[in-house]
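Asker: quick check, what structure comes out for this input:
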Amino acid sequence: MLPWFVRRTRLPLLSLRCVDCGSESATTGEGRFRVNSNGKLLHVWLLVRCVSCDRTGKLTVHGRVPVGSLDPAELHGYSVNDPELVASTLLDPLFARRNRLTLDWTGAWRLHAPPARLDEAWPVRVEVAFDDPVPVRPDRLIAQGLGLSRNAALRRIKSDGPLRRPTSTGFTFTVMPED
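Answerer: Sure, this is the predicted structure:
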């Protein structure tokens, strides 16, 4: 069985309308949080920048929560702008839903696929694993990994799941020999 991995190369862009210029794309840049306390209540925001006009905006991570309700390690991560905490916050589906945004993964991921050895016995079984929830169409991913057109890849692939619907979870497929 050949292992393939889909890994993120950078944080995805955010599909989010800018209030100044109307652009539909924003970025987290280096990834910064803003933490503000109001008495015993805490506000935490993730700062984002418009790609077109460079306007800074805030996306709510925590709003008016008691300081004691947050894990001290997490609170420290917000204070020091921990890159892993920025990534996990951005990839959290509840955060995206609460802030009404979607992630644009275009150019933000790479397929790590070892080449299939020609002396291997056919058919070859491939297992695809995702490090992050990158939504990709399996047929496009397989064609890219095998260096074939999508039609040629579809003719040689056997899979239990749908190949033309985006997925962000692992799957397996079998590459059959050429006819």
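
Asker: excluding its backbone neighbours, what's nearest the residue nearest to the spatial centre of the chain?
Answerer: Central residue of the chain (CA atoms, centre = their mean): V134, 4.2 Å from the mean position. Among residues not flanking V134 along the chain, W109 sits closest, at 4.6 Å (CB to CB, 6 or more residues apart in numbering). For every residue, glycine as well, the C-beta is placed using N, CA and C.

Asker: quick check: bridge partners of that neighbour?
Answerer: When bridges are called by DSSP bridges, W109 pairs up with R8.

Asker: give me the neighbour count for it.
Answerer: By the criterion of other CB atoms under 10 Å, W109 has 19 neighbours.

Asker: ok, it - contacts?
Answerer: 6-9, 132, 134, 136 (CB atoms under 8 Å, 6 or more residues apart in numbering).

Asker: mind listing the helices for this structure?
Answerer: Assigned by DSSP state H, the chain shows helices spanning 72-79, 83-90, 93-98, 138-146, 150-156.

Asker: out of these, nearest to G22?
Answerer: Of all these, the one in closest proximity to G22, counting by CB to CB, is helix 93-98 (20.7 Å).

Asker: where in this protein is pLDDT low?
Answerer: Within the chain, the stretches with pLDDT under 70 are 116-121, 179.

Asker: surely the residue nearest to the centre of the chain and W105 touch.
Answerer: Yes - V134 is within contact range of W105, at 5.2 Å (criterion: CB atoms under 8 Å).

Asker: what about stretch 44-60, how long is it end to end?
Answerer: 6 Å (CA to CA, to the nearest Å).

Asker: ignore the last one, stretch 86-106
Answerer: This stretch, stretch 86-106, spans 19 Å end to end (CA to CA).
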